[in-house]
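S.K.: got a predicted structure plus its sequence, pasted below:
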Amino acid sequence: MLRIDQLETGYGKKQVLFGLSLEVQVQAGETVGIIGPNGSGKSTTLKAVCGLIQPWAGEIRFEGAVLNGATPAQNVRRGITLAPQGNRVFSNLSVMENLEIGGYSLPKQDLQGRIDSVLEMFPVLGERPKQVAGKLSGGEQQMLALARALIPKPKLLMLDEPSLGLSPSMVTEVFEKVRQISHDTGLSLLIVEQKVREVLPICDRVYSLKLGKIAFDGVSSDLQDDTAKLKELFL
């Protein structure tokens, strides 16, 4: 599993997380959501797990290995990938080149097979492999970011606000694709998301953060119809 114990970290002198503890059951193919107001530490949590920032205190473990001090490249090889916030693709490169970058750590003989497998999940990308990524729609760029993160065949895929900047119809499509990926591959997901009503139905469990601490930890279905509790968590 992924296990975070009493994590403290931040940026420069600004502390963002204060004794954060959470876990994701990787072998069980669990989908876990992280919700909460802006500035609560959601994205910072993902950055700490993938190695973009380092813990100040506490411990991050993945399948028994301590991740403290590990680089993003080392964590990709361990089986952790991140689809970052904001449809981040290499806009001047083609769809295929973006996917090839996602497989930089794979042996060359394995890369094409992984690309073919991922394109089966995203047929719209398979129809335009030579198209410049920056010319794709916002929704298509989000699909490309997801596809690129799947190329290394991760055990844990982390998504940072996959709905950001998308139209309502495209948000629905993206979340349906995320649900399909989880169902078809058994992959574990850790999702940071602001659109609570959309993300809760696809999660098994959810953590809500407030000021860098856990404000709620439980089964996501417990929150879906509890409007009063959701308001409390976001105030």
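M.R.: Arrived safely. Values in this document were obtained by computation on a predicted structure and should not be read as measured data. Residues are numbered from 1 along each chain as shown.

S.K.: and the helix or strand harbouring Leu82, average pLDDT?
M.R.: Taking DSSP states H and E as the criterion, Leu82 maps to strand 80-83. In this model, strand 80-83 carries a mean pLDDT of 94.

S.K.: and if you look at stretch 100-110?
M.R.: 88.

S.K.: end-to-end on it?
M.R.: 11 Å (Cα to Cα, to the nearest Å).

S.K.: okay, now the sheet partners of the strand holding Leu82, with direction.
M.R.: strand 156-160 (parallel) (DSSP bridges).

S.K.: could you dump the partner strand to CSV, C-alpha only?
M.R.: Provided in CSV are the C-alpha atoms of strand 156-160 (Å, rounded to 0.1, in the frame of the first residue of the first chain):
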residue,chain,number,x,y,z
LEU,A,156,-0.6,3.9,-8.4
LEU,A,157,-1.8,6.7,-10.7
MET,A,158,-2.3,10.1,-9.1
LEU,A,159,-4.5,12.7,-10.7
ASP,A,160,-4.3,16.4,-9.7
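
S.K.: so how far is the helix or strand just after that strand off the chain centroid?
M.R.: Moving toward the C-terminus from strand 156-160, the next helix or strand (DSSP H and E) is helix 168-185. Distance, stretch centre to chain centre, for helix 168-185: 13 Å (Cα atoms, centre = their mean, to the nearest Å).

S.K.: what is helix 168-185 packed up against?
M.R.: helix 108-121, helix 138-150, strand 188-192, helix 196-199 (3 or more Cβ pairs under 8 Å, 6 or more residues apart in numbering; DSSP states H and E). To be clear about C-beta, it is placed using only N, CA and C from the backbone, and glycine gets the same treatment.
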